[in-house]
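S.K.: sequence and predicted structure, then a few things I'm wondering about:
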There are 2 protein chains.
Amino acid sequence: MKKQISAKKNAHHHGDLRNALISAGIELLNEAGVEGLTLRKCAARAGVSHAAPAHHFRGLKGLITAIVTRGYKLFGAEMNQYIAAAEPDPKSRLRGCCKGYVQFSRSHKALASIIFNKANCFEDEPEWQEAADAAYQVLVDICAPFKHRHDRPELTEIAVWTMLEGYVNFERNGVINDGYRHSTQLHIDLLIDMLCLEVASD
Amino acid sequence: MKKQISAKKNAHHHGDLRNALISAGIELLNEAGVEGLTLRKCAARAGVSHAAPAHHFRGLKGLITAIVTRGYKLFGAEMNQYIAAAEPDPKSRLRGCCKGYVQFSRSHKALASIIFNKANCFEDEPEWQEAADAAYQVLVDICAPFKHRHDRPELTEIAVWTMLEGYVNFERNGVINDGYRHSTQLHIDLLIDMLCLEVASD
DNA sequence: GCTTAATGTTGACACTGTCAAGTGAGCAGA
DNA sequence: TCTGCTCACTTGACAGTGTCAACATTAAGC
């Protein structure tokens, strides 16, 4: 009765359960939003029992940390892709970066909504820290060529970052392009342009 | 055995359970964050059984809708208070409004984190819609006196609103004033100033 | 005073994350 | 080859959660 298990190939060793669980989690996020992300559902989708994930992650928070880590990599990749497709001048590259940021938020709604919430993650995971830093560095680099009348150069990064974050938040929650009354064809470019950034002459 | 209930005054009728549940919910949010907000805990704190809230709200989502509704009123009041305390010129009033926005986010962390998420609420609740509109109107009015080199005047509101939302989001998640490296004494004023708003001459 | 609706209670259900204990597969060493 | 051991996974349990149906009590309308 129990010996039939030997017929099945990998009854006990999945092979790459960790990655399978992360992928299952991202699928669930895409399909059912944050509410649909559950340890047990991830396990079921990966074809293992409900307690199997505990051997690979520190509970649900650990799984989310891993999901967000992969999310940061997708996020950085999306921005870099749009930057690469842009004209080589600094302003076009900045526009491309913003486009990638917004595009990522649109195509990964639920993932984008949890990615910046530190409280969801174990901050002591080095891989998470690394991925977050890498994604942020994309923005730092893209803002580096610009100056502003302010004397504090880092304000440019923060202003752009802040505007992007607010923009995608409102878009996700239907405030912009849905509930907002004037907003026919509102693009993030217009908002970024309001910062009056100028390329620093070297 | 059962007749002892008559000794107690209001065994079955709380009197104002609906408001008591909302207050309990806000307390829980302040004490334990979003994770700590639970229908059963609210009921327990209000001194009723776990299923009592169902007679006043459409489930947890309904309770959150009511909490957010009260949150919007606090939010608008906080902005108006700072506006009233500011100098009467448009720029000072705008700075006051932003200060109120940030201050609300700081003193009601968890509440502020859910207030703009439409998905948490029943959008068909008229009281919710009304409170949200009123809070938004504060910002519209405060931005009205300004012009910008852009031809679309509503962009000013969106830019300010967007920046504020991104700013408090990052602050809440520890990106600004905690994780961010350069940010000694970063104020929202500096970011708003980058928008180069000017008072329209009438 | 009777009826009826409003308001709370009780108990159950499915679902969640987490823990403890058990089981099987593969591997290291003799 | 056999023995023991560790890792990966399963099973079963537990306390919480939201929600529902059935019931009890109070308040209100007539």
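M.R.: Okay, I see it.
S.K.: quick one: mean pLDDT for the longest helix seen in chain A?
M.R.: Using DSSP state H to define each element, chain A has its longest helix at helix A:59-85. On average, the pLDDT along helix A:59-85 is 98.
S.K.: chain center to the following helix or strand past that helix: distance?
M.R.: Using DSSP states H and E, the helix or strand that follows helix A:59-85 in sequence is helix A:90-107. Relative to the centre of its chain, helix A:90-107 is centred 13 Å away, using Cα atoms, centre = their mean, to the nearest Å.
S.K.: show me the contact partners of the next helix or strand after helix A:90-107.
M.R.: For helix A:90-107, the following helix or strand on the C-terminal side (DSSP H and E) is helix A:109-115. The set of residues external to helix A:109-115 that reach it, using Cβ atoms under 8 Å, 6 or more residues apart in numbering or on different chains, is A:26, A:29-30, A:33-34, A:37, A:64, A:67-68, A:71-72, A:74-75, A:104-105, A:120, A:168, A:172. Placement of C-beta: from N, CA and C, glycine included.
S.K.: and the longest helix of chain A, how far out from the chain middle?
M.R.: 4 Å.
S.K.: domain map for chain A?
M.R.: A:14-56, A:57-196 (automatic domain parsing).
S.K.: could you dump those to a markdown table with distance to residue B:95 and mean neighbour count?
M.R.: As requested, those are exported to a markdown table (distance: least, Cβ to Cβ, whole Å; neighbours: other Cβ atoms under 10 Å in any protein chain shown):
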| stretch | distance to residue B:95 | mean neighbour count |
| --- | --- | --- |
| domain A:14-56 | 35 | 17 |
| domain A:57-196 | 16 | 18 |
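S.K.: least confident of the ones you listed, on average?
M.R.: Comparing mean pLDDT across these, the weakest is domain A:57-196, with a mean of 90.
S.K.: in chain A, which residue sits nearest DNA strand C?
M.R.: Nearest to DNA strand C in chain A, going by Cβ to the nearest atom of the strand, is residue A:59, at a distance of 2.8 Å.
S.K.: let me see the contact set for that residue.
M.R.: Counting by Cβ under 8 Å, 6+ apart, residue A:59 touches residue A:39.
S.K.: and chain A, which of its residues are near chain B?
M.R.: Where proximity means Cβ under 8 Å from any Cβ of the partner chain, the interface of chain A facing chain B comprises A:33, A:116-119, A:148, A:150, A:152, A:154-155, A:158-159, A:161-167, A:169-170, A:173-176, A:179-180, A:182-183, A:186, A:190-191, A:193-196.
S.K.: and the strands in chain A?
M.R.: Along chain A, the segments classed as strands by DSSP state E run A:146-147, A:198-199.
S.K.: turn those into JSON lines, including distance to residue B:124.
M.R.: Shown next, in JSON lines, are the strands of chain A (distance: least, Cβ to Cβ, whole Å):
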{"stretch": "strand A:146-147", "distance to residue B:124": "45"}
{"stretch": "strand A:198-199", "distance to residue B:124": "47"}
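S.K.: which among those strands is found nearest to residue A:100?
M.R.: strand A:146-147 (17.5 Å; Cβ to Cβ).
S.K.: what helices or strands is the closest one leaning on?
M.R.: In terms of contacts (3 or more Cβ pairs under 8 Å, 6 or more residues apart in numbering or on different chains; DSSP states H and E), strand A:146-147 is packed against strand A:198-199.
S.K.: mind listing what the strand it packs on pairs with, with the direction of each?
M.R.: In the sheet, strand A:198-199 lines up against strand A:146-147 (antiparallel) (DSSP bridges).
S.K.: which residues touch the partner strand?
M.R.: The set of residues external to strand A:146-147 that reach it, using Cβ under 8 Å, 6+ apart, is A:90, A:94, A:153, A:156, A:197, A:198, A:199, A:200.
S.K.: ok, and which of those residues reach DNA strand D?
M.R.: Restricting the contacts of strand A:146-147 to those within reach of DNA strand D (Cβ under 7 Å from any atom of the strand) leaves nothing.
S.K.: between the residues you listed, which is nearest residue B:79?
M.R.: Ranked by distance to residue B:79 (Cβ to Cβ), the contacts of strand A:146-147 are led by residue A:156 at 27.0 Å.
S.K.: who are the contact partners of the closest one?
M.R.: Counting by Cβ under 8 Å, 6+ apart, residue A:156 touches A:143, A:146, A:147, A:148, A:195, A:197.
S.K.: how about 6 Å then?
M.R.: A:143, A:146, A:148 (Cβ atoms under 6 Å, 6 or more residues apart in numbering or on different chains).
S.K.: same deal with residue A:159?
M.R.: The contact partners of residue A:159, by Cβ under 6 Å, 6+ apart, come to A:195, B:191, B:194.
S.K.: helices - which of those residues land there?
M.R.: Going by DSSP H, the helices hold residue B:191 from the contacts of residue A:159.
S.K.: about what we covered before: how about the longest helix of chain A, does it get close to DNA strand D?
M.R.: No: interface with DNA strand D: helix A:59-85 contributes nothing (Cβ under 7 Å from any atom of the strand), its closest point being 12.7 Å away.
S.K.: could you do stretch A:18-36 as well?
M.R.: No: using Cβ under 7 Å from any atom of the strand, stretch A:18-36 never reaches DNA strand D; the gap is at least 7.5 Å.
S.K.: and chain A, which of its residues are near DNA strand D?
M.R.: When proximity is defined by Cβ under 7 Å from any atom of the strand, chain A lies next to DNA strand D at A:12-15, A:17, A:43, A:48-52, A:54-56.
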